[in-house]
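Peer 1: Would you be able to build a 3D model of this:
(one chain, ligands or ions: 1)
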Amino acid sequence: MARRQAQPPPRFALAPERRLGLAQGGLRLAAVHPAPPEEGLASLAIHALCALAEAAGVGAEPVFLPARPGERPRGHLSGLPAGEFDLWAVSAAFEEQWPTLPWLLTRAGVPARAAARDHRHPIVLLGGVAARLNPAPVLPFIDLLAPGDAEAILPALLERLEAGRGAGREALLDSLRGLAGLAVRPFEGPPVACVFTAPARPIVEQLPRGRSLLPDMLLVETGRGCPAGCRFCAIGYTRRPPMFFPPAAILEAVGAASAPGRRVGLVGASLGRHPGLGELLEGLLGQGLDLSPASLDPAVLAGPEGPRLAAALARGAQRTVTLAPEAGTERLRRVIHKGFADAELEAAVRRLGEAGVLHLKLYMMYGLPTEADEDLDAAAALVGRARAWLDAAHRGRGGTGRVSVSLNPFVPKPRTPFELEPMPRADDLRRRRGRLFSALGRSGGVRPGGMGVRRAILQALLTRADPGCATLLEACQGRWPPPAGLLAALAPDLEDRVHAPWPAGRPVPWGAVETGVSPAFLLAERARALQGLPGPACAPGGACRACGACGAGDPP
Ligand code: SF4
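Peer 2: Residues are numbered from 1 along each chain as shown. This is a model prediction of the structure:
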């Protein structure tokens, strides 16, 4: 690996201990998030990668997209050119970050294709949630794939890289073969199994964030994965069994890192299902900290913990709460495994309003399997009723809340029970969207927004792409969505890949990764979905063998 003397530009503020770490001549790790800095600094994965590397004695810092066109990517703290790091640990959260990866490599002076790189270039490791779904389109760009928890693989990987310093590139890569949870190119062997851990402490942000999204908020994770089993959502199926950090560990991490006046952003897909939710809320508010959960389950708010949760949110000056009904009828919610009743949503909204929460954000989907026009009409009506419930709760209290709605097309995600469902065609999706928007416009008082149809279809293309898509990703030169001509030339099978039923017997493109959840379980879940039946409750730590992630067993 090449080494040149770093010349940090003066605009980078490098903490003394990190300057030392990079100057000692040891390994240099770039924690790469293929996004702008303000977005990347709000990614806990980047903070975790830097903390893990530094705990192993390796100098580390983030690398993001350059702030200005024409600039080369550099270490965010030192300004070291990104091509001079020894290891790029890339954490990708969304498929839409794929087109950025080859462009970022090229901008750093590194050949995008792994096969074209030599001893002068960094080794490129890919992890993150998107790597767990379908990494196939970016396999030609990476040397290493680690789809599990970073804690499970990074320390051993860094140890081997350190021990192999001075060896040739291929010898270094060979020295990594056999590490559990890691695949080494050319990725032709059996699938790599995700290795998950149960860390004692949650990730809490480590790096100065400066100008970033949510700058006044201290981010801390509450758990990994989700036991809710929503059948459209990959989070609940790609990290099994799910785990929650004990309230004491979260409170300790927050206490060590927080500053007065900062809000605490709780990062985790299923805060409402945290077994120590009440204790956690009381502890955070007892430290005088405002809290901000990502979104909450209406059934939890309507349940026994609901009043305490709503009061805690309001006491913490939480002005907007996000709920995700996703569908307008109880029938369709049973299909997607969001089994709460309209009455529970009403109780949740009223509780929030009465507790003092001012604004509501609702997530709704369209284009879902089995969806009919009456589901769309019911979705618009449900949003209108939520508006009325909130107004009624505020009456006499002096508040006037807003209700905003994020309307998003259903995108079939790999590794979910709906992974092979065809997505409705663009004109059909636009018709459904138009119907929803019109109905919402008639009821008034709500602000609709959300992802557009074209963007959703292109997201579906990336989720179902194979390594042949790498040519398109390179040609995009960091732009996404790509120009129409490029798409027609380099993704001519888009219509079939996204909108047609997946041919029986055709291998899925995401076979390079094994999550532990059995295909038979996903099929059984799909069958239950079509009958509107619930799936088995996910309760780790006992005898459950339902999905295969906690050990082999017969799917129910
Ligand atoms: S085997 Fe059971 S408890 Fe374990 S992850 Fe699967 S559903 Fe959850």
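Peer 1: just for the stretch 251-400 of the chain, where's the confidence low?
Peer 2: Flagging of the stretch 251-400 of the chain using pLDDT under 70 yields the residue ranges 258-262, 289-294, 316-318, 398-399.
Peer 1: Which stretches in it count as strands?
Peer 2: Ranges of strands within the stretch 251-400 of the chain are 263-267, 290-293, 320-326, 359-366, based on DSSP state E, counting those that start in this stretch.
Peer 1: swap in the stretch 1-150 of the chain?
Peer 2: In the stretch 1-150 of the chain, the segments counted as strands under DSSP E, counting those that start in this stretch are 28-32, 59-63, 87-91, 123-127, 144-145.
Peer 1: With the ligand as the reference, name the closest of those strands.
Peer 2: Among the strands of the stretch 1-150 of the chain, the nearest to the ligand by C-beta to the nearest ligand atom is strand 123-127 (20.7 Å). Every residue, glycine included, has its C-beta placed from N, CA and C.
Peer 1: helices or strands next to that closest one in the packing?
Peer 2: strand 87-91, strand 144-145, helix 150-163, helix 169-176 (3 or more C-beta pairs under 8 Å, 6 or more residues apart in numbering; DSSP states H and E).
Peer 1: got the residues of the stretch 101-250 of the chain near the ligand?
Peer 2: 240-241 (C-beta under 6 Å from any ligand atom).
Peer 1: let's see 8 Å
Peer 2: Applying C-beta under 8 Å from any ligand atom, one finds that the stretch 101-250 of the chain approaches the ligand through 227, 229, 240-242.
Peer 1: Those: which two are farthest apart?
Peer 2: With distances taken as C-beta to C-beta, the most widely separated pair in those is Gly229 and Pro241, at 12.1 Å.
Peer 1: Can you work out which residues contact both of those two?
Peer 2: Residues touching both Gly229 and Pro241 by C-beta atoms under 8 Å, 6 or more residues apart in numbering: Cys538.
Peer 1: that older thread, for the residues of the stretch 101-250 of the chain next to the ligand, which single residue is the most surrounded?
Peer 2: With neighbours set by other C-beta atoms under 10 Å, the maximum within those is found at Arg240, which has 25 neighbours.
Peer 1: any idea which element that residue lies in?
Peer 2: Here Arg240 sits in a region with no helix or strand, counting by DSSP states H and E.
Peer 1: Wait, it touches Phe521, no?
Peer 2: No - the pair Arg240 and Phe521 fails to qualify as a contact (C-beta atoms under 8 Å) at a distance of 9.9 Å.
Peer 1: Which residues are in contact with each of these two?
Peer 2: The contact sets of Arg240 and Phe521 overlap at Cys547 (C-beta under 8 Å, 6+ apart).
Peer 1: before we move on, the earlier item: quickly compare the helices and strands packed on strand 123-127 and say which is most buried.
Peer 2: strand 87-91 (a mean of 27; mean count of other C-beta atoms under 10 Å).
Peer 1: Against Pro482, how distant is the closest residue to Thr400 other than its chain neighbours?
Peer 2: Distance criterion C-beta to C-beta, 6 or more residues apart in numbering; nearest residue to Thr400, sequence neighbours excluded, is His394 at 6.7 Å. Relative to Pro482, His394 is positioned 46 Å away (C-beta to C-beta, to the nearest Å).
Peer 1: And Val32, by the same measure?
Peer 2: Val32 is 22 Å from Pro482, by C-beta to C-beta.
Peer 1: Equivalent analysis for Arg160, please.
Peer 2: 38 Å.
Peer 1: List the buried residues of stretch 477-496.
Peer 2: Neighbour-count burial for stretch 477-496, counted by 16 or more other C-beta atoms under 10 Å, picks out 480-482, 487, 490-491, 494.
Peer 1: Those: which ones sit near the ligand?
Peer 2: Counting by C-beta under 8 Å from any ligand atom, no member of the buried residues of stretch 477-496 reaches the ligand.
Peer 1: between the residues you listed, which is nearest Ala386?
Peer 2: Pro481 (32.2 Å).
Peer 1: list the contacts for the closest residue to the closest one other than its chain neighbours?
Peer 2: Nearest residue to Pro481, sequence neighbours excluded (C-beta to C-beta, 6+ apart): Leu458, at 5.2 Å. Counting by C-beta under 8 Å, 6+ apart, Leu458 makes contact with 96, 480-482, 487.
Peer 1: And Leu332, by the same measure?
Peer 2: 368, 370-371, 375.
Peer 1: got the phi/psi numbers for the most centrally placed residue in the chain?
Peer 2: The chain has Ala93 as the residue nearest its centroid, 4.5 Å off, counting by C-alpha atoms, centre = their mean. Main-chain dihedrals, Ala93, degrees, to the nearest 10: phi -100, psi -30.
Peer 1: how close does it sit to the ligand?
Peer 2: As judged by C-beta to the nearest ligand atom, to the nearest Å, Ala93 and the ligand stand 22 Å apart.
Peer 1: Out of the contacts of Leu332, which end up buried?
Peer 2: So, by 16+ other C-beta under 10 Å, the buried ones in these are 368, 371, 375.
Peer 1: Wait, Ala67 touches Pro37, no?
Peer 2: Yes - in this structure, Ala67 is within contact of Pro37 by C-beta under 8 Å, at 6.7 Å.
Peer 1: Next, the contact list for the closest residue to Ala378 other than its chain neighbours, please.
Peer 2: The shortest distance from Ala378 to any non-neighbouring residue, by C-beta to C-beta, 6+ apart, is to Gly328 (3.4 Å). Gly328 makes contacts with 364, 375-382, as judged by C-beta under 8 Å, 6+ apart.
Peer 1: Mind doing that once more with 10 Å?
Peer 2: 342, 364-366, 371, 374-383, 436, 439 (C-beta atoms under 10 Å, 6 or more residues apart in numbering).
Peer 1: so where's the longest helix in this structure?
Peer 2: helix 373-394 (DSSP state H).
Peer 1: List the buried residues for it?
Peer 2: 375-376, 378-384, 386-387, 389-390, 393-394.
Peer 1: average pLDDT across the following helix or strand past that helix?
Peer 2: Using DSSP H and E, the helix or strand that follows helix 373-394 in sequence is strand 403-409. Averaged over strand 403-409, pLDDT sits at 95.
Peer 1: Which strands and helices lie in contact with strand 403-409?
Peer 2: Strand 403-409 sits against strand 320-326, strand 359-366, helix 373-394, helix 426-443, strand 446-449, helix 453-463, with contacts defined as 3 or more C-beta pairs under 10 Å, 6 or more residues apart in numbering; DSSP states H and E.
Peer 1: Adding distance to Ser295, write those out as TSV.
Peer 2: Conversion of the helices and strands packed on strand 403-409 to TSV gives the following (distance: least, C-beta to C-beta, whole Å):
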stretch	distance to Ser295
strand 320-326	4
strand 359-366	7
helix 373-394	14
helix 426-443	20
strand 446-449	16
helix 453-463	19
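Peer 1: Out of those, flag the one nearest Ala193.
Peer 2: Nearest of those to Ala193, taken as C-beta to C-beta: helix 453-463 at 20.8 Å.
Peer 1: Other residues contacting whichever helix or strand comes after the closest one?
Peer 2: As assigned by DSSP H and E, the chain's next helix or strand after helix 453-463 is helix 470-476. Contact partners of helix 470-476, identified using C-beta under 10 Å, 6+ apart, comprise 98-103, 105-106, 112-113, 136-141, 461-462, 465, 480, 482-483, 486-487, 489-491, 494.
Peer 1: Name the next helix or strand following helix 470-476 along the chain.
Peer 2: Trace forward from helix 470-476 with DSSP H and E and the next one is helix 484-490.
Peer 1: how close does the closest residue to Leu52 other than its chain neighbours sit to the ligand?
Peer 2: Once flanking residues are discounted, Leu52 sits nearest to Leu154: 4.9 Å by C-beta to C-beta, 6+ apart. Per C-beta to the nearest ligand atom, Leu154 is found 24 Å from the ligand.
Peer 1: For Leu154, which residues are in contact?
Peer 2: By C-beta under 10 Å, 6+ apart, Leu154 lies in contact with 29, 48-49, 52-53, 55-56, 58, 87, 89, 125, 127, 146, 181-182.
Peer 1: Tell me where the stretch 101-250 of the chain is predicted with low confidence.
Peer 2: For the stretch 101-250 of the chain, applying pLDDT under 70 flags the ranges 206-216.
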